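Participant: A structural model of the following input is requested.
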Amino acid sequence: MKIYLVGGAVRDALLGLPIKDRDHLVVGASITQMQQQGFRQVGKSFPVFLHPDSGEEYALARTERKTGYGYGGFDFDAAPTVTLEQDLIRRDLTINAMARDSEGQLHDPHGGMADLNARILRHVSPAFVEDPLRVLRVARFAARFHHLGFTVAAQTLRLMQQLSDSGELAHLSAERVWQETERALAEPNPEIYFELLHQCGALAVLFPELAALQGVAQPEAYHGGLDALAHTLLALQLAATEQAPPSVRFAVLLHDLGKALTPKSEWPRHIGHESAGLKPVKALCERLRVPNEWRDLALQVCAQHLNVHRALTLKPSTLLKLFDRCDVWRKPERFSHTLDASRLDAIGRPDQQQAAYPAQAYLQGALAAANRVCVKAIVADGFKGPAIREELSQRRLLALAQFKARESNS
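Facilitator: Alright, predicted model coming up:
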């Protein structure tokens, strides 16, 4: 039995990056031998074990053979006779196909170190096209390492295009697509994930609502000549630069889906795109089984971002309606995220990335004024039952009117 450190732990150590997970490969052992040494088996499709003390993953070396469609369409052989080289050749990228033994020696049969130095994401073998999930994985690694100068090898991109054209992507489960996408949204350059998927044809298959934004013209005055997709991805890039939470990045990604539904004869204007966008946002979230909290934020940003932009011109009654629709009284954090996403939309153009966005501070001030209305005082004044809610709205409306008057005079 020989044990190797493999995959991301080896790659990240060579790049000088923090190691998050340590995965190990076991060559020359059987399931029974692993169990006898106290390892707990957790893998269903193939033998993966947890170390009895450290809890780190140890997988038996294996080969795989394509037998069906999608990520799960493989037969595996994890016999003790499978070699290190046979296991490494089934991996996706050369930079992920290196191993280090217990003596510290690097095993690199596929040129992973050379590709690390050249900053290239390259497939290990032609078997790359057997697993459609690799399209998403390569795009995610591109999003992770873009800031270090990594690019995708031309031949690897062609194989990604081949996979996108083959129909294999349709066999990926919603859970796997969302898992990769959620992780990509947290990377330093999530826009690269979607750009690369678009480049290889996968965006139209997996995210058709987003792909439909390409070429959709927008008013020059507001978007600097960018089409709707380019604007969206620039706003997403800015969200990552500011280290916005992944849920906010997701909302930014979906905020303008309604523009793809505007008849071309009405371009570059998109009247009503915020309400039109709710249907495709819901469809995408339902298809990918997006968490409810993320979906609800994306829907709120889609529906309200134009009202947020217009905040300084809104009447007190309209401000109160905005707050009520956004349920700011119970979910202030979601409204705060809505303001962040709206600002990122506003500055998501080449000449506005450092622009001020007074609407955000204005709405924060207005909400603070409305929140100073005390329910206990209303009850103390003798209001009961439904009259409490009505009086609460009236006092909040008065507070907003006074706030707007002060802001107008300042």
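Participant: how far is stretch 252-261 from where the chain is centred?
Facilitator: In terms of Cα atoms, centre = their mean, to the nearest Å, the centre of stretch 252-261 is found 16 Å from the chain centre.
Participant: that one: end-to-end distance?
Facilitator: End-to-end distance of stretch 252-261 (Cα to Cα, to the nearest Å): 18 Å.
Participant: least confident secondary structure element in this structure?
Facilitator: Using mean pLDDT, DSSP states H and E, the weakest-scoring helix or strand in the chain turns out to be strand 74-77, at a mean of 72.
Participant: centre of the chain to it, how far?
Facilitator: On Cα atoms, centre = their mean, the centre of strand 74-77 falls 31 Å from that of its chain.
Participant: and for stretch 255-272?
Facilitator: That offset, for stretch 255-272, works out to 24 Å (Cα atoms, centre = their mean).
Participant: for the remainder of this discussion, apply numbering that starts at 51.
Facilitator: In the new numbering, first residue 51, that becomes stretch 305-322.
Participant: hmm, back to that, any idea which helix or strand comes after the least confident helix or strand of the chain?
Facilitator: Going down the chain from strand 124-127, the next helix or strand is helix 134-138, by DSSP states H and E.
Participant: outside of that following helix, which residues touch it?
Facilitator: Applying Cβ atoms under 8 Å, 6 or more residues apart in numbering, the contact partners of helix 134-138 are 52, 54, 56, 75, 77, 111-113, 147-149, 157, 159-160, 174. In this view, the C-beta of every residue, glycine as well, is placed from N, C-alpha and C.
Participant: residue contacts, the nearest residue to residue 379 once chain neighbours are set aside?
Facilitator: Among residues not flanking residue 379 along the chain, residue 373 sits closest, at 7.3 Å (Cβ to Cβ, 6 or more residues apart in numbering). Going by Cβ under 8 Å, 6+ apart, residue 373 touches 379, 385, 416-417, 420, 446.
Participant: helices along the stretch 151-300 of the chain, start to end?
Facilitator: Ranges of helices in the stretch 151-300 of the chain, per DSSP state H, counting those that start in this stretch, are 162-168, 183-195, 204-216, 224-235, 240-249, 252-256, 258-261, 270-273, 278-291, 296-304.
Participant: which of those helices has the lowest average pLDDT?
Facilitator: When these are ranked by mean pLDDT, helix 270-273 comes last with a mean of 79.
Participant: buried residues in that helix, which are they?
Facilitator: The neighbour-count check on helix 270-273 (16 or more other Cβ atoms under 10 Å) flags residue 273 as buried.
Participant: got the contact list for that helix?
Facilitator: 281, 318, 398-399.
Participant: and if we set it to 6 Å?
Facilitator: 281, 399 (Cβ atoms under 6 Å, 6 or more residues apart in numbering).
Participant: again with stretch 150-161
Facilitator: With Cβ under 6 Å, 6+ apart as the test, stretch 150-161 has contacts from 54-55, 60, 135, 144, 147-149, 174.
Participant: out of those, which are buried?
Facilitator: The neighbour-count test (16+ other Cβ under 10 Å) marks 54-55, 60, 144, 147-149, 174 as buried among those.
Participant: okay if I get these as a markdown table plus distance to residue 292?
Facilitator: Converted to a markdown table, these look like this (distance: Cβ to Cβ, whole Å):
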| residue | distance to residue 292 |
| --- | --- |
| 54 | 40 |
| 55 | 35 |
| 60 | 32 |
| 144 | 33 |
| 147 | 35 |
| 148 | 34 |
| 149 | 38 |
| 174 | 36 |
